[in-house]
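# pasting the sequence and the predicted model now:
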Amino acid sequence: MTKRVSILNYLIQKKNLPISKLFTNFDTSLIKLSANTLEDIQNLKEKIISIQVKYNLDEKEALKTGLKIKIKHSGLFQCTSCKKNIKKLFEGFCFPCFKKKASADRCIMSPNLCHYNLGTCREPLWGEEYCYQPHYVYLSYTDKFKVGITRQTQIPTRWIDQGASSAALLAKVTSRHQAGIIEHNLKEILHDKSHWLNMLKNGNKRPSLEEFQDKISFIFNWIKQNEIFQNKEIIVDTPAHLKLSDQIEYFHSPVIVNLNYDIPSEVLKFKSINLDKSSEIEGIITGIKGQYIFLGENVFNMRRHEGYIVDLDLEEI
Ligand SMILES: [Zn+2]
């Protein structure tokens, strides 16, 4: 038990808290940033929108540089699906959920492998709601240019979660499967993964507007010459009763969103720490990028610990 002498300094003292990924919010003097505003703004003059990324531990408590954080793992975990307390996690799930939940299926990680149309979706009703909704294919810059997909509601959160310093929409479609197929084909010319250490080292560095626009032109030129994109091969089927369009809407000159993180300017080496090696971590927050909290040279990935049940203290010093 922490000594209560300085209790007034505690912002949060939580027992048995299942770790969730960090909440994010973002400041831009221009607009409330969302997928819709990014689409609208295509017609405006702005070519770049810059936002300052901020983080929250929960709905109200800000997580920021200078606070002291202490996280102690209880040894237990909570399934991210059924919320049962368990002794071992399987990619965030208890074993039964890992085996039967659609959200634990491999098509979640590889959406091009969506098998709803074959009638084998683990939970078809869930799939209709989660996967058959507007999705975007985007280009982001983390430690390099990469392609990714996300649901409409996750913009710009998805970009912040992966620690992108710039991002832009490439295409809008009506299903996760369709987005996954486009992403899968674009892998021929683009990476689809970042390296976490290089992403952290990259800090707030980003390509210039011209470099970003050149990359987008390159992608669309490639699409124009690619047979798979130019004939109907790229189009996936959607369930007839959902009456979805099979149109792919491309954004040839999208607005570029620059994301700025509060991070130390010159840290050259990082050491990843986790609760499996040491059940307790403690330090002063020196920055946050993506889902990584910097504690000096140590970095702690919140998302990797989703479902770990911990005692958490956050203290103003
Ligand atoms: Zn479960």
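Structure received.

# now the end-to-end length of stretch 97-106.
13 Å (C-alpha to C-alpha, to the nearest Å).

# gap between the helix ranked longest in the chain and the chain center?
Counting by DSSP state H, the longest helix found in the chain is helix 209-225. Computed by C-alpha atoms, centre = their mean, to the nearest Å, the separation of helix 209-225 from the middle of its chain amounts to 24 Å.

# next secondary structure after it?
helix 227-230 (DSSP states H and E).

# same question for that following helix, mean pLDDT?
Across helix 227-230, pLDDT averages out at 91.

# contacts for it next, please.
N185, I223, K224, E233, I234 (C-beta atoms under 8 Å, 6 or more residues apart in numbering). C-beta coordinates here come from the backbone N, C-alpha and C atoms, glycine included.

# what about I12, how many residues close to it?
Under the neighbour criterion other C-beta atoms under 10 Å, I12 is assigned a count of 16.

# out of the contacts of helix 227-230, who's the most crowded?
Neighbour-wise, the contacts of helix 227-230 (other C-beta under 10 Å) top out at I223, 21 neighbours.

# next up, the contacts around it.
By C-beta under 8 Å, 6+ apart, the neighbours of I223 are F229, Y250.

# per-residue pLDDT, it?
pLDDT, I223: 97.

# related to what we said a few turns ago, the ion: which of the contacts of helix 227-230 is nearest?
N185 (34.2 Å; C-beta to the ion).

# give me the distance between that closest one and I219.
11 Å (C-beta to C-beta, to the nearest Å).

# with L197 instead?
Per C-beta to C-beta, L197 is found 26 Å from I219.

# with neighbour numbers in mind, choose between those two.
Per other C-beta under 10 Å, whichever of L197 and I219 has more neighbours is I219, with 21 against 15.

# so that one touches L169, yeah?
No: assessed by C-beta atoms under 8 Å, I219 is found out of contact with L169, at 12.0 Å.

# please list the residues of this structure that sit near the ion.
Residues of the chain lying close to the ion by C-beta under 5 Å from the ion are C79, S81, C82, C94, C97.

# touching, the second one and C94? I think so.
In other words, S81. Yes: judged on C-beta under 8 Å, S81 makes contact with C94 at a distance of 7.5 Å.

# which one's more surrounded, those two?
It is C94, of S81 and C94, that has more neighbours when counted by other C-beta under 10 Å, with 24 against 18.

# contact partners of the helix or strand hosting I293?
Using DSSP H and E, I293 sits within strand 292-295. Residues outside strand 292-295 that contact it (C-beta under 8 Å, 6+ apart) are 22, 63, 69, 163, 196, 200, 263-264, 267, 270, 273, 281-288, 299-302.

# mind redoing it with 7 Å?
Outside strand 292-295, the residues within contact range by C-beta atoms under 7 Å, 6 or more residues apart in numbering are 200, 263-264, 283-288, 299-302.

# nearest to L11, of those?
Nearest to L11 out of these is I285 (C-beta to C-beta; 11.8 Å).

# how close does whatever residue of the stretch 201-317 of the chain ends up closest to the ion get to F98?
Closest contact between the stretch 201-317 of the chain and the ion, by C-beta to the ion, is at G307 (9.7 Å). Distance, G307 to F98, using C-beta to C-beta: 12 Å.

# comparing these two, which residue is more hemmed in?
Shown here are G307 and F98; by other C-beta under 10 Å, G307 has more neighbours (21 against 17).

# that one and S74 touch, don't they?
No: in this structure, G307 is not within contact of S74 by C-beta atoms under 7 Å, at 11.8 Å.

# can you show me the helices along the chain?
Along the chain, counting by DSSP H, helices occupy 35-40, 95-100, 106-109, 124-130, 157-161, 176-186, 196-201, 209-225, 227-230.

# can you put those helices in CSV and add distance to Q13?
Shown next, in CSV, are these (distance: least, C-beta to C-beta, whole Å):
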stretch, distance to Q13
helix 35-40, 37
helix 95-100, 30
helix 106-109, 35
helix 124-130, 35
helix 157-161, 26
helix 176-186, 39
helix 196-201, 29
helix 209-225, 44
helix 227-230, 54
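
# which of those sits most buried?
Among these, the stretch with the highest mean neighbour count (mean count of other C-beta atoms under 10 Å) is helix 176-186, at a mean of 24.

# angle of that helix against helix 209-225?
If you take axes from the mean of the first three to the mean of the last three C-alpha atoms, to 10 degrees, helix 176-186 sits at 100 degrees to helix 209-225.
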